[in-house]
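Colleague: got a predicted structure here, sequence first:
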Amino acid sequence: QVQLVESGGGLVQAGGSLRLSCAASGSIGVINSMSWYRQAPEKQRERVAIIISAGTTNFADSVKGRFTISRDYAKNTVSLQMNSLRFEDTAVYFCSANIQQGAITSKYWGQGTQVTVSS
């Protein structure tokens with residue numbers, strides 16, 4: 001069993017910054033990638049950023065230049081640094097990881113952390 005636990009959400013004014021962190025624990029095999037998703041009310045969940053095992057990153061167009069994603073491979077953690085936050089960044093942010101255990105790769109999710117940006 002794998003657990004992902006996020007932290008770092010909260011309330012921030014527009015233009016401010018927040019840093020989200022996510023720690024993976026449990027029966028971890030190989031983490032192929034770690035991602036951050038977000039879901040705003042009445043909207044579909046969207047991927048915000050991903051970092052694969054080689055360190056390559058990819059961002060949604062809406063956050064490029066404002067958000068960065070990083071991993072601590074030794075600690076099995078991933079962080080999302082969010083700068084220049086906008087009202088439209090308000091959402092529940094979820095950490096996700098694609099983890100290979102033997103021949104099986106599974107996608108795991110954290111419980112989510114609320115980010116609220118006040119205008």
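Modeller: Done, it's in. Numbers count the residues shown, from 1 in each chain.

Colleague: so what pairs up with Leu80 in the strands?
Modeller: Leu20, Ile69 (DSSP bridges).

Colleague: and for the closest residue in space to Thr116 that isn't next to it in sequence, the neighbour number?
Modeller: Excluding the flanking residues, the one nearest Thr116 by C-beta to C-beta, 6 or more residues apart in numbering is Leu11, at 4.7 Å. Every residue, glycine included, has its C-beta placed from N, CA and C. Using other C-beta atoms under 10 Å, Leu11 has 12 neighbouring residues.

Colleague: doesn't Leu11 fall inside a strand?
Modeller: Yes - counting by DSSP: H, G, I helix; E, B strand; the rest coil, one finds Leu11 located in a strand.

Colleague: show the pLDDT at the residue most central in space within the chain.
Modeller: Nearest to the mean C-alpha position of the chain, by C-alpha atoms, centre = their mean, lies Trp36 at 2.4 Å. Among the per-residue scores, Trp36 holds a pLDDT of 98.

Colleague: that one: what's it in contact with?
Modeller: If you count contacts by C-beta atoms under 8 Å, 6 or more residues apart in numbering, Trp36 has them with 20, 22, 47-50, 69, 78, 80, 93-96.

Colleague: picking up where we left off before, I figured the residue nearest to Thr116 was touching Thr113, is that so?
Modeller: No - counting by C-beta atoms under 8 Å, Leu11 stays clear of Thr113, with 11.9 Å between them.

Colleague: which strand or helix spans the residue nearest to the centre of the chain?
Modeller: strand 30-39 (DSSP states H and E).

Colleague: partner strands of that strand, with direction?
Modeller: Looking at strand 30-39 with DSSP bridges, its partner strands are strand 46-52 (antiparallel), strand 91-101 (antiparallel).

Colleague: the inter-axis angle of the next helix or strand after the longest one versus strand 91-101?
Modeller: Spelled out, that is strand 91-101. On the C-terminal side of strand 91-101, the nearest following helix or strand under DSSP H and E is strand 104-109. Interaxial angle of strand 104-109 relative to strand 91-101 (axes from the mean of the first three to the mean of the last three C-alpha atoms, to 10 degrees): 160 degrees.
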